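Colleague: give me the fold of what follows.
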Amino acid sequence: MYQLIIIKCLCLTADNMKVPYQCQNIKEVRQEIDEIDNAIICLIAKRFSYIQEIIKYKSSTDEVYAKNRYDTVIGKRREFAQHHNLDPDVIEKMYRIMMNYFIEKQLELLKERQK
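Modeller: From the prediction side, this is the model:
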């Protein structure tokens, strides 16, 4: 399953996408946006495959919550956002939603493993 996700993510490259100014109409712009959104979701799925893997190395709920790591990731993503001229508050909110979901999934996996 993990290999399939990685292969699908690799299918989208800069070579087969237009630069925004190359789009000739709204349909082409929307098509490129859809491709980007698909790539983003694909990368989130790839990230989730790593989340499923990392639980093998965790044995407690404290390790799943990993407060220091959580805070570090949020801070670094805020820096990434600023570097790309995006609103760090918006990126932080998005990452908190995603990371909290992944923490829930890790807790479920941990619970299953401990049965």
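Colleague: so for Tyr21, what's the pLDDT?
Modeller: Looking at Tyr21, its pLDDT is 88.
Colleague: number of nearby residues for it?
Modeller: 5 (other Cβ atoms under 10 Å). Quick note: C-beta positions are derived from backbone N, CA and C, even for glycine.
Colleague: one more: Met94?
Modeller: So Met94, with other Cβ under 10 Å, has 13 neighbours.
Colleague: buried residues, stretch 67-79. List them.
Modeller: Neighbour-count burial for stretch 67-79, counted by 16 or more other Cβ atoms under 10 Å, picks out Arg77, Arg78.
Colleague: any idea how far the helix or strand where Ile97 lies is from the chain center?
Modeller: Using DSSP states H and E, Ile97 maps to helix 88-113. Distance, stretch centre to chain centre, for helix 88-113: 10 Å (Cα atoms, centre = their mean, to the nearest Å).
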